[in-house]
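1. Sequence first, predicted coordinates after that:
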Amino acid sequence: MPYSLLQVAEAFVRTGELTDALEILHQQLTAVPDDDEARRLRAAVRLRLAGDEHLRAALSDLDALAAPTADDYVQRSIICQRLTDLPAALAAMQQAHRQQPDDDRITARLLDLLLLTGDRRAAYDLLKALPASWRWLERAGDLARDEGDDVAAIDVYTAALEHLDERMDTGGSAFAAALKTALLAKRAGARLAAGQPEQAEADYRLLEQRMPSDAAYPFCRGLARAQQGDIAGALALCRAALARVNQTLRLELLAALDTAAYAELREGLKSET
């Protein structure tokens, strides 16, 4: 039984022979101009080829579709972003989201584009409208943190941690445990920034138990001790942590001391080197 031109093109795509696939799709669409399946595949092939001319040709293919789907708008958004047209990329994702508002993949990309285009208010409104889940709560916490509202970030990260514990086996699943560790680290950082050193230290102790090889956590616990006025304890923690790291990480950790709040700790560490 002979293969159709579309099947041949799909075979070329699977083997990475994109130029050959493109030629076959040209033939198919010359013969059957209203073959939207072939047009979608040609747009996808063009997206994988180097050069803006292929990207613009892919947009032309998407323009010609009779009834664009949410996935078509996602592909359009990716193409427009590669062409550095962020407003068009955002508009395409808004169309995709209107068609499939419950698709997490689409929602996440829309959120990313809202932030890339600087529309933080729309990003915040989108997050508020979403059902509560650890994934969206984490993004809301990130947004609050980036806006300098560390207290709000703490509350949202805490809600995210609670939701994650309810929905996933954070004690038995390595994947879920890694998600929890990342959330704990974000909450600990927000607590430190918000001037809640006792709570921050408690989070950093949990993180040390989960990741004993990571010297950043005892160093940050030293910062929490410094905020509580225990400079001797802070020096001991920070000194021990710095002794375990390479020069690159050492410089990153020491950069956290470049504020007035850690002046005494910074001077103490300098006097020992």
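-> Everything's here; your move.
2. what helix or strand does the nearest residue to R46 once chain neighbours are set aside sit in?
-> Distances taken as C-beta to C-beta, 6 or more residues apart in numbering place A58 nearest to R46, at 3.9 Å, with adjacent residues excluded. (Each C-beta comes from the backbone N, C-alpha and C, glycine too.) Using DSSP states H and E, A58 maps to helix 52-63.
3. which helices and strands sit right next to that helix?
-> Applying 3 or more C-beta pairs under 8 Å, 6 or more residues apart in numbering; DSSP states H and E, one finds that helix 52-63 makes contact with helix 36-48, helix 70-82.
4. center of the protein - which residue?
-> Nearest to the mean C-alpha position of the chain, by C-alpha atoms, centre = their mean, lies D112 at 7.9 Å.
5. which residues does R145 contact?
-> Contacts for R145 (C-beta atoms under 8 Å, 6 or more residues apart in numbering) come out as 153, 186, 189-190, 193.
6. what about the strand or helix carrying it, average pLDDT?
-> In this structure, R145 sits in helix 134-146 according to DSSP H and E. Summarised as a single mean, pLDDT over helix 134-146 is 95.
7. Buried ones in the helix or strand following it, by neighbour count?
-> The helix or strand immediately downstream of helix 134-146 is helix 150-167, counting by DSSP H and E. By 16 or more other C-beta atoms under 10 Å, the buried positions in helix 150-167 come out as 150, 152-161, 163-164.
8. Go ahead and confirm Y204 touches R191.
-> No. Judged on C-beta atoms under 8 Å, Y204 makes no contact with R191 at a distance of 9.1 Å.
9. Endpoints of stretch 59-72, how far apart?
-> For stretch 59-72, the first-to-last residue distance is 10 Å (C-alpha to C-alpha, to the nearest Å).
10. Flag every buried residue along it.
-> Neighbour counts over stretch 59-72 (16+ other C-beta under 10 Å) mark 59, 61-62, 68, 70-72 as buried.
11. Name the surrounding residues that touch that stretch.
-> When contacts are defined by C-beta under 8 Å, 6+ apart, stretch 59-72 is touched by residues 34, 36, 39-40, 42-43, 46, 75-76, 79-80, 95-97, 99-100, 103, 106.
12. show me the contacts for A140.
-> So A140 contacts 124, 127-128, 156 (C-beta under 8 Å, 6+ apart).
13. Good, we can wrap up now.
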